[in-house]
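K.L.:
The following comprises the amino acid sequence and a computationally predicted model.
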Amino acid sequence: MPTHRWDPTDYERNSAQQQAWARELLAKLDLSSSDAVLDVGCGDGKVTAEIAAGVPLGRVVGIDASAEMVELAAARFPLNRHPNLGFAVADAAALAYREEFSVVFSNATLHWVIDHRPVLAGVARSLRPGGRTMLQMGGKGNAGDMVAAMARVSAAPAWSAHFAGFALPWGFYGPDRYRPWLLEAGLRPRRVELLAKDMLQSGREGLAGWLRTTWMPYLDRVPPERRGAFLEAVLDDYLARYPLDADGNAHVRMQRLEVEADKPA
């Protein structure tokens, strides 16, 4: 998992789209009241708390690689008010659970991992026989227009020295790559597909907030005193090609890889 330092309160302010997509995913999950759920990449805990509310006779554990995120989530949703909900710092690629959960869920997280095979092996270990998993992440071609804008700006003379040796930091995969990994981990694929999504951000400011809180692999390469200028250059480049719509909103074309699988009983 990434070692970038997240700003949890800034992320919380700029993650409405991720939360909306998570709710769409949860609607497909059809949880029972007694399910035991592991939420991999819980972030600020908002979605994890919604899961816990839907399994009053079960339990939910939200994990994240960011200690700052877990600290925020635990403070927002304390055990005395959410007795079936807990949070822990953990690496998605090194899950230590053994047949503890009936469901493993993850939204907008696993593209931060390049090699998904250890993640899927951990998901399989964590599931009870007959358990199931629902995963959604950035897929092949995700945010390609924004990736291209970042590439153009980072190659410009004003910035290129900061990006020597830089490589795309995310694992964006398609179904053909993913199905064999599921089978290798001992999971039975039920549905593996790419879904086109339109990410909507409120104007230039909203787009800037999303970039600032999730595109740290690029921003962290730039000295702190120049990050604002780099971000403005990316916004200028992107919005020149993909202007705000008539309502003043910015759009980014996304590709999400959605995965449903189960562990044979």
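P.N.:
Looks like it arrived, so ask away.
K.L.:
Residue 182 contacts residue 121, doesn't it?
P.N.:
No. Between residue 182 and residue 121 there is no contact under C-beta atoms under 8 Å: 10.4 Å. Glycine gets a C-beta too; all of them are placed from N, C-alpha and C.
K.L.:
who has more neighbours, these two?
P.N.:
residue 182 (24 against 18; other C-beta atoms under 10 Å).
K.L.:
Provide a list of residues in contact with the more buried one.
P.N.:
Under the criterion of C-beta atoms under 8 Å, 6 or more residues apart in numbering, the neighbours of residue 182 are 120, 188, 189, 192, 259, 261.
K.L.:
If any of these are buried, put those into a ChimeraX selection.
P.N.:
To isolate the buried ones among the contacts of residue 182 in ChimeraX, judged by 16 or more other C-beta atoms under 10 Å, type:
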select :120,189,192,259,261
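K.L.:
Out of the contacts of residue 182, the closest to residue 107 would be?
P.N.:
The nearest member of the contacts of residue 182 to residue 107, counting by C-beta to C-beta, is residue 259 at 11.1 Å.
K.L.:
can I get the contacts of residue 182 in CSV with pLDDT and distance to residue 89?
P.N.:
As requested, those are exported to CSV (pLDDT from 0 to 100; distance: C-beta to C-beta, whole Å):
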residue, pLDDT, distance to residue 89
120, 98, 21
188, 98, 30
189, 98, 30
192, 98, 29
259, 97, 24
261, 98, 26
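K.L.:
Tell me which entries of the contacts of residue 182 lie within helices.
P.N.:
If you go by DSSP state H, the contacts of residue 182 have residue 120 in helices.
K.L.:
which residues of the stretch 151-265 of the chain fall in helices?
P.N.:
In the stretch 151-265 of the chain, the helices defined using DSSP state H, counting those that start in this stretch lie at 175-185, 203-214, 216-219, 227-241.
K.L.:
Go through those and name the closest to residue 99.
P.N.:
helix 175-185 (14.2 Å).
K.L.:
and the closest one, how far out from the chain's middle?
P.N.:
19 Å (C-alpha atoms, centre = their mean, to the nearest Å).
K.L.:
any idea of the mean pLDDT for that helix?
P.N.:
Per-residue pLDDT values over helix 175-185 give a mean of 98.
K.L.:
From what I see, residue 202 and residue 248 are in contact.
P.N.:
Yes. Between residue 202 and residue 248 a contact is recorded at 7.5 Å, counting by C-beta under 8 Å.
K.L.:
Could you measure from residue 135 over to residue 48?
P.N.:
Going from residue 135 to residue 48 by C-beta to C-beta, to the nearest Å gives 15 Å.
K.L.:
before we move on, what about residue 117?
P.N.:
To residue 48, residue 117 is 25 Å away according to C-beta to C-beta.
K.L.:
If you count surrounding residues, which of residue 202 and residue 248 has more?
P.N.:
Neighbour totals were compared for residue 202 and residue 248, and residue 202 leads with 16 against 11 (other C-beta under 10 Å).
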